[in-house]
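Q: Predicted structure and sequence below. I'll ask about it afterward.
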Amino acid sequence: MRPPPPSPASTHPPGAGGPAELLVAGAFAAAFGVGAALWATGQVAGLIAGGRWPAVGLGEMAGVLVRLPGSVGDPARAWPAGAQGLLPGAVGFYAVLLALGALVLALLFAAVRGWEHVREQGLGLGGPRRRRRPGARRPRARQRTERTARWARVADVRQLLVPGAERGRVTLGRVGGRPVAAERRQSVIVVAPTQTYKTTGFAVPAVLEWDGPALVTSIKTDLLRDSVAAREHRGEVRIFDPTAVSGYGRSSWTPLAECATWEGARRVAFRLTHAAQAARGAGGDADFWARQGTRYLAPLLFAARRKELTMRAVTGWVNAEAEDKVRAEIRQALGAKDGEVADREDAIACQAALEVLKSVWSAEARLRSSLVATVAGALDAYGDLQVLRCSRKAEITADWLLSGSNTLYLCAPADEQERLAPLFVALIGEIRAEVYRRAAATGEPIDPSLLLVLDEAANVAPVPDLDVLASTGAGQGLQLVTIVQDLAQIHRRWQGAAETVVNNHTAKVLGAGIACPRTLDYFGRLLGDQELRQVSTSTQDGGYGQRSRTESSTWRALAPANVLRESEAGTGLLVYRNLPPARLELRPWFWEPELRELVEQAPVGATSPHDPDRAVEQL
Ligand SMILES: Nc1ncnc2c1ncn2[C@@H]1O[C@H](COP(=O)(O)OP(=O)(O)O)[C@@H](O)[C@H]1O
Ligand SMILES: [Mg+2]
C-alpha cells in the first residue's frame, strides 16, 4: 500500500514534531524535573537524617515516581529498600523538599538580577547608580556609558580617515598616526596662538593639495610664498596686494565692476560699509550703520560706474559732498537732466538712486555727517595712491577665479588690516555671491568647490556673517578654512556671535599653547567632563577591624586648562561634530616629504617676485 501523501495544509517542516509529539516531550521533561527534585530531596534528607548519602542513582527515580502516589503519607517507602532506613518521616522529607525549592528559587532570582546588572553597566565599568523615579523606564545601557567624556580612538573617527590627500577634502592632520580629513565642504576652524603652525600646518597644506579654485588671505607673503609655485602649476594665479607688500606681480580689482546695475551697486555698498563696521568691532550697530551708509554709497558707486569713472572719483565725491559742483556732477552721471536715458529700466534705476541720494543730501546735518563718516571709513583705503592704482581695472573677477583651478591671493601687511578689511571682505563677498548664484541656478553645490582659506580671519578678512558662511557654504560648494588666534580675538570682531562663529564650523581644531581664558573655557565646556572611578579600602580599629571598600566617582574636565595650555607644539585637539574629541598631530609642510616637494617645485614664473615699485608701475 502506498503511504498517504503529506497533507498540503501541514505547517510543520519535515522533521519537526506535531502537537502530540510535543506533548510527549513535555511530559518527559516534567517527569525528569520532578524526578531530579525528588532525587535531590532524598539525597539531602538521607544525609541529614541518616548521616550519609543514600546510594541511589538518578536512573532509579523512575521506580520511585511510580511508587510515590501510593505512599504520599510516608514517602520513604517509595525509595529502594537499601535507602529507606536513611530517610526521615513525612514531615522531615517535605520540609527538606520545601527548603530545596526555596533555595533554587532564590538562586534563580539572584541570577536574573545579576544578568540585568551586567546588561546595564557592563562588567563593573559603569557610572554611579542613579535612583530611578518610580515608574520611570529603566535607562538603556548606552545612555549610561555616554555620560562620561573620553578621547577618541581611531575607530571613533572612522568617517574622517583617508589614505592620503583626497580630492575635495581638507586634510586636518593625523589621529593615531592615520591621516584624517574633514568631510567634503565641511567648514574647518583652527584656533591657536601665533607660531603654532597654523599657516604652515593648515593653510599651506590645504592650498597645496586643493584641486579646484582657491581664494586665500595672506599676511604679507607667508602663505603666498610657500604655495604660489604649486598653485601656478594647477592654474592661473592672481594677487590682490593693494599696498604692494608682497613684492609679487599684482592684479587689479575694482568694486565698481559689479555696480553696472542699481542692485549690484547696493550690494557692493553694503559689503563695503558692513565690513568696515565689522572690522571696527561695531557689533550689533554694524548692521544699522551699514544700511545707513549703503543709502549714501550705493548711488555714488552706481553714478561712477555709469560715467566709467574710478574709485578715485567716488572718494572725491564723498570728501566734498556738500559742494554744489559735486552734486551737479553726480546728478548728471545719474542721467537725470540731459535726457540721455533711453532704457526704461535704466531710467527707473537712475531715478531710484537719485531719490535715495536726495534724501541723504536733505537729511539733518548730524545724521548726514554720520553717514559721510561711515562711508569715508569704508573707503579709507582708497586715500592711498597704491590702493587706487590697484583698482583701475577689473582683472580679478569671480568668473575668472571659478573658470579653473585658479588662485586668488589677498595680501595685507600686518599693520594695515583694518583699512584694507572692507576691500577684502567686499571682494570675498563678490566671489561668494557668484558661487551662491551658480549653485542656485543648478540646485547643486558648484564642482569643484571653491576653497576659501581665511588665514588670520579676524584681522584680514572679518567677514561680518562668518557664522552664516560657516554653516551654509557647504551646500553651495564652498570649502571654508578659518584660522584665528583665540576666542577673545573673535569676540572683538564678531561680538555676541563669537561662539556661534566657532560652533558653526563642523571641524574645530585647538592648537597648542592657548592662554586665552575665554578659549580655554569654551573648549573645556565643549570637551566635557570625564568620570574618574576611585576605589578606596579602609580598615577600622587600628588595622584589626573590618575592612571596608568604597567606590566613588569624581568628574574632571577631560582636558583641564593647564593641559590645553601646555600641550606640545605641533599637536592639537580636534572636535568634529559630535564625535569624541581626538588628539591631532599637525602637518607643517616642511615635515612632510610630499608637501615639501610641492612647495619646492620650480615656479612657472607668471607672478614671480620683482621690485614692488615696478609692479605698481605696470598697473
Ligand atoms: N620652512 C620652514 N622650515 C622650518 N620651520 C619653519 C619654516 N617655515 C616656518 N617655520 C616655523 O614654523 C613655525 C610656525 O609658523 P607658522 O605656521 O607661520 O605659525 P602661525 O601661522 O601659527 O603663526 C614658526 O616657528 C616658524 O619659524
Ligand atoms: Mg600664520
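A: Nice, thanks for sending it over. Ligands and ions are numbered 1, 2, ... in the order given.

Q: all strands of the protein, in order?
A: If DSSP state E is used as the criterion, the strands of the chain fall at 171-175, 178-181, 188-191, 214-219, 237-240, 407-412, 450-454, 478-484, 507-511, 529-539, 547-557, 571-576, 582-585.

Q: right, and Thr500 touches Asp467 too?
A: Yes - contact status for Thr500 versus Asp467: in contact at 4.4 Å, counting by C-beta atoms under 8 Å. In short, each C-beta sits where N, CA and C put it, glycine included.

Q: returning to that earlier point: and the strands of the chain: which comes nearest Leu68?
A: Ranking the strands of the chain by proximity to Leu68 (C-beta to C-beta) places strand 547-557 first, at 49.4 Å.

Q: so what strands line up beside the closest one?
A: Sheet pairing here is set by DSSP bridges, and for strand 547-557 it gives strand 529-539 (antiparallel).

Q: As TSV, the strands of the chain with mean pLDDT and mean neighbour count would be great.
A: Converted to TSV, the strands of the chain look like this (pLDDT from 0 to 100; neighbours: other C-beta atoms under 10 Å):
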stretch	mean pLDDT	mean neighbour count
strand 171-175	96	22
strand 178-181	96	20
strand 188-191	97	26
strand 214-219	94	26
strand 237-240	96	23
strand 407-412	96	27
strand 450-454	98	26
strand 478-484	97	27
strand 507-511	94	25
strand 529-539	70	12
strand 547-557	72	11
strand 571-576	93	23
strand 582-585	94	21
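
Q: Looking at Thr500 and Asp467, which one has more neighbours?
A: Asp467 (19 against 15; other C-beta atoms under 10 Å).

Q: any idea how far Trp494 is from that one?
A: 7 Å (C-beta to C-beta, to the nearest Å).

Q: hang on, the earlier thing: make CSV from the strands of the chain and add distance to Leu371 to it.
A: As requested, the strands of the chain are exported to CSV (distance: least, C-beta to C-beta, whole Å):
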stretch, distance to Leu371
strand 171-175, 45
strand 178-181, 47
strand 188-191, 35
strand 214-219, 29
strand 237-240, 28
strand 407-412, 27
strand 450-454, 29
strand 478-484, 32
strand 507-511, 39
strand 529-539, 51
strand 547-557, 49
strand 571-576, 43
strand 582-585, 48
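
Q: Can you lay out those as a markdown table showing distance to ligand 1?
A: Below are the strands of the chain laid out as a markdown table (distance: least, C-beta to the nearest ligand atom, whole Å):
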| stretch | distance to ligand 1 |
| --- | --- |
| strand 171-175 | 13 |
| strand 178-181 | 19 |
| strand 188-191 | 9 |
| strand 214-219 | 8 |
| strand 237-240 | 19 |
| strand 407-412 | 15 |
| strand 450-454 | 12 |
| strand 478-484 | 7 |
| strand 507-511 | 7 |
| strand 529-539 | 29 |
| strand 547-557 | 25 |
| strand 571-576 | 11 |
| strand 582-585 | 14 |
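
Q: Just the buried residues of stretch 289-296, please?
A: Within stretch 289-296, the residues that count as buried by 16 or more other C-beta atoms under 10 Å are Trp289, Ala290, Gln292, Gly293, Thr294, Arg295, Tyr296.

Q: Would you mind writing the CA trace of it as PDB?
A: Extracted C-alpha coordinates of stretch 289-296, given in PDB (Å, rounded to 0.1, in the frame of the first residue of the first chain):
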ATOM      1  CA  TRP A 289      25.200 101.800  10.100                       C
ATOM      2  CA  ALA A 290      26.000  99.600   7.200                       C
ATOM      3  CA  ARG A 291      22.400 100.000   5.900                       C
ATOM      4  CA  GLN A 292      22.500 103.800   6.500                       C
ATOM      5  CA  GLY A 293      25.900 104.000   4.800                       C
ATOM      6  CA  THR A 294      24.600 102.000   1.900                       C
ATOM      7  CA  ARG A 295      21.900 104.600   1.200                       C
ATOM      8  CA  TYR A 296      24.600 107.100   0.600                       C
END
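
Q: average pLDDT for it?
A: For stretch 289-296, mean pLDDT is 91.

Q: same deal with stretch 596-608?
A: 80.

Q: From ligand 1, how far off is the most centrally placed residue in the chain?
A: Residue closest to the average C-alpha location in the chain (C-alpha atoms, centre = their mean): Thr506, at 2.1 Å. Using C-beta to the nearest ligand atom, to the nearest Å, Thr506 is found at 21 Å from ligand 1.

Q: Roughly how far does whichever residue of the stretch 151-300 of the chain sits closest to ligand 2 sit from ligand 1?
A: The minimum distance from the stretch 151-300 of the chain to ligand 2, using C-beta to the ion, falls at Thr199 (3.2 Å). To ligand 1, Thr199 is 3 Å away according to C-beta to the nearest ligand atom.

Q: Tell me, how many residues neighbour that residue?
A: 23.

Q: Can you get me a residue count around Arg234?
A: 19.

Q: Could you pull up the residues touching it?
A: Asp211, Ser405, Thr407 (C-beta atoms under 8 Å, 6 or more residues apart in numbering).

Q: Tell me the pLDDT of Ala286.
A: pLDDT, Ala286: 72.

Q: Excluding chain neighbours, what is closest to it?
A: Leaving aside its chain neighbours, Ala286 sits nearest to Gln277 (3.6 Å; criterion: C-beta to C-beta, 6 or more residues apart in numbering).

Q: between Asp467 and Trp494, what contacts are shared?
A: With C-beta under 8 Å, 6+ apart as the test, Asp467 and Trp494 both reach Val501.

Q: For burial, what's the neighbour tally of the closest residue to ligand 2 within the stretch 351-500 of the chain?
A: In the stretch 351-500 of the chain, the residue found nearest to ligand 2 is Asp455; the distance is 5.7 Å by C-beta to the ion. Counted with other C-beta under 10 Å, the burial measure for Asp455 works out to 26 neighbours.

Q: now Leu469
A: 23.

Q: what about the nearest residue to Asp486 once chain neighbours are set aside, neighbour count?
A: Distance criterion C-beta to C-beta, 6+ apart; nearest residue to Asp486, sequence neighbours excluded, is Cys516 at 3.7 Å. By other C-beta under 10 Å, 18 other residues sit near Cys516.

Q: ok, now Arg271?
A: 27.

Q: Same check on Arg306?
A: 22.

Q: I'd assumed Gln332 was in contact with it.
A: No - applying C-beta under 8 Å as the test, Arg306 and Gln332 come out as separate, 9.9 Å apart.

Q: What is the end-to-end distance of stretch 352-369?
A: Taking C-alpha to C-alpha, to the nearest Å, stretch 352-369 runs 22 Å from one end to the other.

Q: Please list all residues in contact with the residue nearest to Asp486.
A: Gln485, Asp486, Leu487, Ala488.

Q: 10 Å - rerun?
A: Contacts here follow C-beta atoms under 10 Å, 6 or more residues apart in numbering; on that basis Cys516 touches Val191, Pro193, Gln485, Asp486, Leu487, Ala488, Gln489, Ile490, His491, Tyr522, Arg565.

Q: Flag the shaky bits of the chain, pLDDT-wise.
A: Applying pLDDT under 70 to the chain flags the ranges 1-18, 116-147, 281-284, 336-342, 534, 537-547, 605-619.
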